[in-house]
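Trainee: Here is my input, please return the structure:
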Amino acid sequence: EQQNHAVIGQTLVNLGNVQAEAGQPEHARAYYLEALDLLETLGDHRALGVLYSNLALQDAATGKTDEAIANFKKALDLHRAVGNEEGLAVTYSQLGKTLLLAGQTHQAEWCLNNASEHFIKLGNEAGEAAALRLLADLYEQRSDLQSALRCLERAVLVDQRYQLPHLQQDVERLARLQDRWRQDRRPDARASR
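Mentor: Okay, the predicted model is just below:
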């Protein structure tokens, strides 16, 4: 009734979020696209950055990897334009995860390292630990166990400090990797290669 396009746009984003949480990515996308039309007209870069990240997450959930990557990159540009450090940290992490799943490990590594740096700058250790878990996945895929171990060791420290729900899983994974690393370093294991 008031024709406040900023409020209408944000309400559409929230409706999209509700649909996304309900596991309805196509319905969420429809709301997001409608919000996009309004928010682009207003030039609200902060809201647009969040919206493009939300769109990218829905694209990733429905297997549209190229679209997800493109939308995450648009979100990064918008977050940079307004200096949204938290948006940069989260979006770099989400983009890194998407790139990792797509097998683009070098780009994923770059994004996840950026995410980790932004989370450190923000003092968000839980976010840093999440990025480090993904980096550990990446390094483990590359058989770079030493780097994977460093990432998981830091993640476990954060898990313990804040009693994060990943603690037990990370401790068990760290122990498995340490065992693997020790076995790979045994003289008989190196000789058989």
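
Trainee: Let me know the helix or strand that residue 137 is in.
Mentor: helix 125-141 (DSSP states H and E).

Trainee: Can you mark which positions in the helix or strand just after that helix are buried?
Mentor: Toward the C-terminus, helix 125-141 is succeeded by helix 145-162 as the next helix or strand (DSSP H and E). Going by neighbour count (16 or more other CB atoms under 10 Å), the buried part of helix 145-162 is 145, 148-149, 151-152, 154-156, 158-159. No exception for glycine: its C-beta is placed from N, CA and C like everyone else's.

Trainee: Switch those residues over to a markdown table; also include distance to residue 49 and pLDDT.
Mentor: Supplementary listing: those in a markdown table, determined by distance: CB to CB, whole Å; pLDDT from 0 to 100:
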| residue | distance to residue 49 | pLDDT |
| --- | --- | --- |
| 145 | 36 | 96 |
| 148 | 31 | 98 |
| 149 | 34 | 98 |
| 151 | 27 | 98 |
| 152 | 31 | 98 |
| 154 | 28 | 98 |
| 155 | 27 | 98 |
| 156 | 32 | 98 |
| 158 | 26 | 97 |
| 159 | 29 | 97 |
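
Trainee: Next one: the closest residue to residue 12 other than its chain neighbours from residue 15, what distance?
Mentor: Of all residues not flanking residue 12 in the chain, residue 35 sits nearest, at 3.6 Å (CB to CB, 6 or more residues apart in numbering). Residue 35 sits 8 Å away from residue 15, going by CB to CB, to the nearest Å.

Trainee: Please identify which of the two sits among more neighbours.
Mentor: Comparing residue 35 with residue 15 by other CB atoms under 10 Å, the one with more neighbours is residue 35, at 24 against 17.

Trainee: what about that one, helix or strand, and which?
Mentor: Using DSSP H and E, residue 35 falls in helix 25-42.

Trainee: now residue 99
Mentor: Counting by DSSP H and E, residue 99 is part of helix 85-101.

Trainee: so who does the residue nearest to residue 158 when sequence neighbours are not counted touch?
Mentor: Of all residues not flanking residue 158 in the chain, residue 129 sits nearest, at 4.1 Å (CB to CB, 6+ apart). The contact partners of residue 129, by CB atoms under 8 Å, 6 or more residues apart in numbering, come to 154-155, 158-159, 164, 166.

Trainee: measure residue 129 to residue 97 for me?
Mentor: 14 Å.

Trainee: Kindly report the same for residue 44.
Mentor: Counting by CB to CB - residue 44 and residue 97 are separated by 26 Å.

Trainee: and these two? which has more neighbours close in?
Mentor: residue 97 (22 against 19).

Trainee: Contact partners for the closest residue to that one other than its chain neighbours?
Mentor: Taking CB to CB, 6+ apart, and ignoring the residues beside it in sequence, residue 97 has residue 134 as its nearest neighbour in space, at 5.5 Å. Neighbouring residues of residue 134 by CB under 8 Å, 6+ apart: 93, 96-97, 100, 108, 112.
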